[in-house]
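Peer 1: What follows is a protein structure lacking sequence information:
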């Protein structure tokens, strides 16, 4: 390819599109099952287990941020949705929406990052599609993915299994991704060394699945921990009581939130799990997460109680405040 930027002709189905797919996408992703000459992939599949499928879209500004980029984010986000559903991710499809004028070198970096993340997660990209839109009609590049995984037969996870007395486990600090993306935009004249937590949660999910008392898992992306907690309360009709002193917030995130008036509990995480577990097994699960290195920052942050379905945070000063359901988007284009 001789072009340094994406042009409309890269999406016309002809020579330039073929060169873009073969020389940029296929060569960078280097997936053994990705055949650009067919319209559907034929996949080996074991007979045991249950098929799990998820789909997601990714749009973030800037496209590259401290701790990650939209390429690795697309892999981790899809893998994480399967992982918290109890599945082992196997295959992904990729749709790429490119804006006219996108630098080819930037696209190559994003695909290299995507490929590295896929290898680390042991997931294979097997099919894809590319579209080019006009200048100003897209934020540089959007990715859409579909992920397929295998869940062990007999593993049952869901909000319907949550009971009063269950404990709420969090695998690490909150708000890192949202705050890192905010600083990367430089819209507020702030700077710092804060990094996104964007990563695969599959190792932590594997550890949690070892415990029969695991009820439910969710990755707190858009809307953060507060949104996941409200979803649980609304679905179960139970109250969630969280302890502020146990919810980990890194000093840089706390500083950003204090300066700009954000609540870290509503900021997105891209490498964390909120899990609900039988109260008798929660401490053992946290210990295992720490010992194995799957989630060194894992903690119990609260419990489920009977009563009014709301989320209450007990403050470090002994008071209480209600975490309401999110109404407005705190940050645009964060995942």
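Peer 2: Great, that's in hand. What you are looking at is a predicted structure, and each value in this text was computed from that prediction instead of being measured.

Peer 1: Please confirm that residue 125 is located within a strand.
Peer 2: Yes: counting by DSSP: H, G, I helix; E, B strand; the rest coil, one finds residue 125 located in a strand.

Peer 1: Report the contact partners of the closest residue to it other than its chain neighbours.
Peer 2: Excluding the flanking residues, the one nearest residue 125 by Cβ to Cβ, 6 or more residues apart in numbering is residue 31, at 4.4 Å. (Glycine included, C-beta is placed from N, CA and C.) By Cβ atoms under 8 Å, 6 or more residues apart in numbering, residue 31 lies in contact with 115, 118, 124, 125, 126.

Peer 1: what's the closest of those to residue 326?
Peer 2: Closest approach to residue 326 among the contacts of residue 31 (Cβ to Cβ): residue 118, at 31.0 Å.

Peer 1: one step back: which of the contacts of residue 31 lies closest to residue 11?
Peer 2: Once Cβ to Cβ is applied, the member of the contacts of residue 31 that ends up nearest residue 11 is residue 125, at 19.7 Å.

Peer 1: from memory the closest one sits against residue 111, does it?
Peer 2: No: look at residue 125 against residue 111 with Cβ atoms under 8 Å: they stay out of range, at 10.0 Å.

Peer 1: which residues do the two both contact?
Peer 2: Contacts common to residue 125 and residue 111, judged by Cβ under 8 Å, 6+ apart, are residue 29.

Peer 1: The residue nearest to residue 125 in helix, strand or coil?
Peer 2: Quick answer, by three-state DSSP: residue 31 is coil.

Peer 1: tell me the pLDDT at it?
Peer 2: For residue 31, the pLDDT comes out at 80.

Peer 1: what's it sitting at in phi/psi?
Peer 2: Dihedral pair for residue 31: phi -90, psi 130, per degrees, to the nearest 10.

Peer 1: same check, this time on residue 293
Peer 2: phi 80, psi 0.

Peer 1: contacting residues around the nearest residue to it once chain neighbours are set aside?
Peer 2: Closest residue to residue 293 apart from its sequence neighbours, by Cβ to Cβ, 6+ apart: residue 203 at 7.9 Å. By Cβ under 8 Å, 6+ apart, the contact set of residue 203 is 292, 293, 294, 295.

Peer 1: Now for the last one: which residues touch it?
Peer 2: Put plainly, it is residue 295. With Cβ under 8 Å, 6+ apart, residue 295 has these contacts: 171, 172, 203, 204, 207, 273, 289.
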